[in-house]
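*Asks:* Below are the sequence and a predicted model; questions follow.
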Amino acid sequence: MIQANKEVLPIRFDPLPMAKHRRELTGLVAVKAMTRLQDTIVSMEPMVAVSLQFSRGLQGFPAVSGRLKHTLGLRCERCLDEVSISIDRPLEVLLKPESEPLPEDTERYSLFEYDGKILELAELIEDELLLALPLVPKHKDISLCNQDMVAWLASNEVSAENAENPFAILKR
């Protein structure tokens, strides 16, 4: 469980000593460097709450388990208004140095490659947030959508039978 610890966690560090000594990190990670995530969202809180436990995984690679929590706003695919998405995601990640071969039997973990010396924590958290995003963001119920936009979209929808087939010219 993530506690209300307001400590901002380090941006970069060597995960090997963290894993060797089974360290735990609980606190906040800034999202300002998460550019891939910022390109897909409408709004988000400036910090992600994380709780991480480091240990040794397969072949002695560092492993990270824990949880991340965050709330962000995405564009609803039904009404185009913002929909708030709460993410509460468990983590099981094996940190694999880029120069090392892929270990066997990795079903339990997702893999995150790093340079073998320094882990960019924001990149790891960003990957996990991106994986947690819904494929089709939308309000849980259509009644929560902007009803004016839903009505407008429905009135401007082209039916399949009235639409001109773009391949009709090929029949000639």
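*Replies:* That came through fine. Note that the coordinates shown come from a computational prediction; the quantities given were computed from them, not determined experimentally. Numbering: from 1, shown residues only.
*Asks:* which non-adjacent residue is nearest Ser99?
*Replies:* Excluding the flanking residues, the one nearest Ser99 by CB to CB, 6 or more residues apart in numbering is Gly116, at 5.8 Å. C-beta coordinates here come from the backbone N, C-alpha and C atoms, glycine included.
*Asks:* ok, now how distant is the one you found from Trp152?
*Replies:* Distance of Gly116 to Trp152, given as CB to CB, to the nearest Å: 54 Å.
*Asks:* So which of these two has more stuff around it?
*Replies:* Shown here are Gly116 and Trp152; by other CB atoms under 10 Å, Gly116 has more neighbours (16 against 13).
*Asks:* And what about the more buried one, helix, strand or coil?
*Replies:* At Gly116 the chain is in coil, as set by DSSP: H, G, I helix; E, B strand; the rest coil.
*Asks:* quick one, what contacts the nearest residue in space to Phe13 that is not next to it in sequence?
*Replies:* Among residues not flanking Phe13 along the chain, Leu119 sits closest, at 6.1 Å (CB to CB, 6+ apart). Taking CB atoms under 8 Å, 6 or more residues apart in numbering, we find Leu119 in contact with 12-15, 62, 95.
*Asks:* and stretch 43-62, how far apart are its ends?
*Replies:* 33 Å (CA to CA, to the nearest Å).
*Asks:* What residues of it count as buried?
*Replies:* 44, 47-54, 57-58, 61-62 (16 or more other CB atoms under 10 Å).
*Asks:* For the residues you listed, give me TSV that also has distance to Asp88, pLDDT and secondary structure.
*Replies:* Shown next, in TSV, are these (distance: CB to CB, whole Å; pLDDT from 0 to 100; DSSP: H, G, I helix; E, B strand; the rest coil):
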residue	distance to Asp88	pLDDT	secondary structure
Met44	15	88	strand
Met47	15	93	strand
Val48	11	94	strand
Ala49	10	95	strand
Val50	11	96	strand
Ser51	11	96	strand
Leu52	15	96	strand
Gln53	17	97	strand
Phe54	21	97	strand
Gly57	23	88	coil
Leu58	26	86	helix
Phe61	26	91	coil
Pro62	24	94	strand
